[in-house]
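# dropping a prediction and its sequence here:
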Amino acid sequence: MKADFAMAIHFHQPVGNLDHIIERAFDNCYLPFLQTLGGYPGIKVNLHFTGCLLEWAEQNRPELIERAQRMVRTGQAEIMSGGFYDPIFSAIPRRDSVGQIKMLSEYVRTRLSFEPKGAWIAERVWEPALPSILYDAGIKYAIVDDTHLLYAGIAKGGTYGYYMTEDTAKPVAVFPSDKVLRYHIPFKMPPECTAYMREAADKMDTPLFVYGDDAEKFGEWPGTHKWVFGEKWLEKFFDELMKNADWLRTVKLSEYIESRPPLGRVYIPTASYEEMSEWSLPVRSQQRLEDIKNELKAAGKEEAYKPFLRGGIWRNFMAKYPESNHMNKKMIYVSNKLDETKKLKRVSGLVKEAERELFKGQCNCGYWHGVFGGLYLFHLRRAIYEHLIKSQVLLDKARYGRKQACSAEVTDMDADGFDEVILENRDAALYFEPSEGGVLKEFDVKPAACNLINTLTRREEVYHKKIIKKLSEAQHNNAGGVKTIHEDIRTVDEKVKDHLDYDRYGRYSLLDHFFKANVDIGSFARCAYKEEGDFLKGRYDLKVKETPGKVMLTLKREGLAGGAEISLSKEITLSRKDASFKVCYDIVNKTDAKLDMVFGPEFNITMPDADSDRYSFIIDSSDRGYNLNNMADLSAAKSVNIKDFRKELSFRMSFSEAVRLWFFPLKTVSQSEKAYELNYQSSVILPHINLKLEKGGKKRFGIEIFVDRN
């Protein structure tokens, strides 16, 4: 009996992740893993480091790179390539996928002295066109899950080797990572891991077992540092491999391809790992799938049906979360602008720098949500916008030099069949959605590289019902050992149960509300009131006017408010210079009855440092400040200022008349690797006025928005 074992470990930290989190992962996981591995030179491994982690390590912990170099020199390790900033290849333009892979391959070639032949596929998101992308980038093999092959109709017994696949006659080898091993390592005792391989090997001729998974399982997942290093699980596992070396040989994947033929040809459908396909489904479908799986498990049919029971695909996240779709389509918009600028064949240095910033904005982690906080984590979304905006600033410089520029573009940027409008100058960019309430979806302050409407709507998640259940249960008794991240019972902050509110509309800005005077701030904040108008999601007509000194967008809708026919128009003016703009509302009562209603345009603003105590709400010229986590109801205000005491960027609004002003924090409840958490997303600001209009009566209301950079 002989068998081969390939261990492939993926090291990654998202672009924009907090330094203390990366440092913790390095100290608790990456360094001790590599140190332990270095003590077993006879064990061959396959390592993948994303470019974002390598860049961080260069500046902060070069020991990671030095250890990888040493393992390459001794022949212990081969280094895999992949997308430099770990993008989902199917979610970015093909040219960028090839460019990202070549960028990481070049880094590995020059810095780690290894010619990479394999690629790590972010979140193992596979689509049928991927082989030709990998081929064009110089890649010979990739790792997928064995589940991918089961979906392609291959039985589990046929997954102990590698297969060839292709797209347009461009071939690549695919190695299936064994799910049993991914759930065993490092959660079962080492002899159980080798026993599984021995039992399978007894039935086959020289099988290959592939284990491909995240390095964070070895010290960064909850409870694993003590288990893996304190209780020496990893040492015991490597000792177990050495003890069984007479029949179980560790191998590097590129060498394996050279010495062994493929098991055959395969065509893999669109897939990811099993949990990802569940997370991408809408809530009701996700719950139904979970119920079906439980029914099959109870009937003893789960394993037989599993290859034919699939969830959604990764792209579903862009339907499930419109905020993800907006970021993705903005990223593609920037990529297209970059491609156009490249054709100008000038200022290549600026274009190259802009491309790197674009690639950083393609890092996958902020675009989706599962066990990992992902999309719910403000700082990851902030990083995406930061780098995409930086790319745009560089492209502006390449196109216009030092000249000022002001433009209005009408385009279906988000590919929904309706046009969006982008008002832009060298200091700001405003993205409007006329078909969805005429809202302002994005407000970029270019010099600060930030989007001040970087927020997330409160929506139901399938795990929310589990939160109340956990809060009502007694404390879980720890039975010892360590659980996988999918089994672990997370801690629950008691405060989250008071925030399980859901929004009926996307939390953007210039949301046009009509409601009765008896609505209070509490019911508004919980979305527990009646909206009297049909403007929040209604379609607005648009008209754009450009002059040498400014651009204007007029959005107009004929709708209803409390049964009355209303004409509402809002004119937005962006000047040639600076990041400030004006909004002028005209509201006309077109019905015979008197209109007696409250009107207010809602703003959702997220400062560059979220709800940090460096910011404070200042009303008019008052000396009193409110924390961004305060809820306040002010009877009269002419202006509101989110003041930055570091004097980097402040946001200010002034009104054409005194308004009643509400503001409160918008917080979401999400799950992370360790707990159910309450996440600040934005500060909701609602200036509102009483409308008392006779037939034909008209009300004009103006707002000026200023961005101060000290």
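Ah, there it is. Numbering: from 1, shown residues only.
# Asp534 versus the residue lying farthest from the centre of the chain, what's the distance?
Largest separation from the mean C-alpha position in the chain: Asp592, at 49.6 Å (C-alpha atoms, centre = their mean). Distance of Asp592 to Asp534, given as C-beta to C-beta, to the nearest Å: 19 Å. For every residue, glycine as well, the C-beta is placed using N, CA and C.
# show me the beta-bridge partners of Val588.
Ser567, Lys698 (DSSP bridges).
# span of stretch 167-182 from start to end?
Stretch 167-182 has an end-to-end distance of 28 Å (C-alpha to C-alpha, to the nearest Å).
# now do it: distance to the chain's middle.
25 Å (C-alpha atoms, centre = their mean, to the nearest Å).
# I'd like the mean pLDDT over it, please.
Averaging pLDDT along stretch 167-182 gives 98.
# in it, what counts as buried?
By neighbour count with 16 or more other C-beta atoms under 10 Å, stretch 167-182 contains the buried residues Asp167, Val172, Ala173, Val174, Phe175, Pro176, Ser177, Asp178, Lys179, Val180, Leu181, Arg182.
# reformat the residues you listed as JSON lines; add secondary structure and distance to Asn690.
Formatted as JSON lines, the buried residues of stretch 167-182 follow (DSSP: H, G, I helix; E, B strand; the rest coil; distance: C-beta to C-beta, whole Å):
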{"residue": "Asp167", "secondary structure": "strand", "distance to Asn690": "62"}
{"residue": "Val172", "secondary structure": "strand", "distance to Asn690": "66"}
{"residue": "Ala173", "secondary structure": "strand", "distance to Asn690": "70"}
{"residue": "Val174", "secondary structure": "strand", "distance to Asn690": "65"}
{"residue": "Phe175", "secondary structure": "strand", "distance to Asn690": "67"}
{"residue": "Pro176", "secondary structure": "strand", "distance to Asn690": "66"}
{"residue": "Ser177", "secondary structure": "strand", "distance to Asn690": "63"}
{"residue": "Asp178", "secondary structure": "coil", "distance to Asn690": "67"}
{"residue": "Lys179", "secondary structure": "helix", "distance to Asn690": "62"}
{"residue": "Val180", "secondary structure": "helix", "distance to Asn690": "66"}
{"residue": "Leu181", "secondary structure": "helix", "distance to Asn690": "66"}
{"residue": "Arg182", "secondary structure": "helix", "distance to Asn690": "61"}
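# tabulate those residues (JSON lines), appending distance to Trp314.
Shown next, in JSON lines, are the buried residues of stretch 167-182 (distance: C-beta to C-beta, whole Å):
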{"residue": "Asp167", "distance to Trp314": "18"}
{"residue": "Val172", "distance to Trp314": "19"}
{"residue": "Ala173", "distance to Trp314": "22"}
{"residue": "Val174", "distance to Trp314": "17"}
{"residue": "Phe175", "distance to Trp314": "20"}
{"residue": "Pro176", "distance to Trp314": "19"}
{"residue": "Ser177", "distance to Trp314": "17"}
{"residue": "Asp178", "distance to Trp314": "22"}
{"residue": "Lys179", "distance to Trp314": "18"}
{"residue": "Val180", "distance to Trp314": "24"}
{"residue": "Leu181", "distance to Trp314": "23"}
{"residue": "Arg182", "distance to Trp314": "19"}
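# let me know the closest of the residues you listed to Leu309.
Closest approach to Leu309 among the buried residues of stretch 167-182 (C-beta to C-beta): Lys179, at 14.5 Å.
# surely the closest one meets Val144?
No: with contact defined as C-beta atoms under 8 Å, Lys179 does not count as touching Val144 (11.3 Å).
# mind listing the strands for the stretch 401-550 of the chain?
Remark: strands assigned in the stretch 401-550 of the chain by DSSP state E, counting those that start in this stretch are 406-411, 420-425, 428-433, 439-445, 450-451, 491-492, 511-515, 541-547, 550-561.
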